[in-house]
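Q: build the 3D model from these lines:
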Amino acid sequence: MASTKEYLQFVLEQLSEGEEISYRPMMGEYILYCQGKVIGGIYDNRLLVKPTSSAQTLLPDVIREIPYAGGKEMLLVETIENGMFLRQLFMAIAVEVPAPRKKK
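A: Now for the predicted structure:
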């Protein structure tokens with residue numbers, strides 16, 4: 001099942017005051033970026049983020065889910081209505097995730 005544009009828009013609205021939040025559609029789903037770094041995505045209308053140590057600290061009792069067949073475990077963010085928390089989470093993950101490699 002692909003994610004809906006409405007779910008994406010709702011998540012982006014919660015992050016509207018966040019710095020450098022962007023997305024890219026990918027095969028019916030959406031990859032989410034913060035400061036140009038991949039921090040997670042929307043898969044089957046679920047917000048999943050990379051399992052960095054800060055993300056696990058901010059989401060102590062989090063459920064781990066697989067975004068797609070063959071994918072690595074990610075953390076399910078269930079409290080998507082709290083924009084301040086989402087911005088804090090995204091920024092914390094962005095600090096830990098390495099910058100994308102430059103293409104030749």
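Q: got phi/psi on the closest residue to Ile66 other than its chain neighbours?
A: In space, and not counting its chain neighbours, Ile66 is closest to Glu73: 6.1 Å by CB to CB, 6 or more residues apart in numbering. Glycine gets a C-beta too; all of them are placed from N, C-alpha and C. Note on Glu73: backbone dihedrals following degrees, to the nearest 10 are phi -60, psi 140.
Q: just the pLDDT at Glu73, thanks.
A: Looking at Glu73, its pLDDT stands at 96.
Q: can you pull the contacts of it?
A: Glu73 is in contact with 51, 64-66, counting by CB atoms under 8 Å, 6 or more residues apart in numbering.
Q: are any of these buried, and which?
A: Pro51 (16 or more other CB atoms under 10 Å).
Q: now render the contacts of Glu73 as CSV, adding secondary structure and distance to Met84.
A: CSV is the format used below for the contacts of Glu73 (DSSP: H, G, I helix; E, B strand; the rest coil; distance: CB to CB, whole Å):
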residue, secondary structure, distance to Met84
Pro51, coil, 22
Arg64, strand, 24
Glu65, strand, 24
Ile66, coil, 28
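Q: redo the contacts of Glu73 as a markdown table? Include distance to Gly28 and pLDDT.
A: A markdown table is the format used below for the contacts of Glu73 (distance: CB to CB, whole Å; pLDDT from 0 to 100):
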| residue | distance to Gly28 | pLDDT |
| --- | --- | --- |
| Pro51 | 23 | 96 |
| Arg64 | 22 | 96 |
| Glu65 | 17 | 96 |
| Ile66 | 16 | 95 |
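Q: where in this structure is pLDDT low?
A: Applying pLDDT under 70 to the chain flags residues 1, 17-19.
Q: did I read that right, Pro25 in a helix?
A: No. Using DSSP: H, G, I helix; E, B strand; the rest coil, the secondary structure at Pro25 is strand, not a helix.
Q: could you give the bridge partners of it?
A: Beta bridges link Pro25 to Tyr30, judged by DSSP bridges.
Q: run a quick neighbour tally on it.
A: 13 (other CB atoms under 10 Å).
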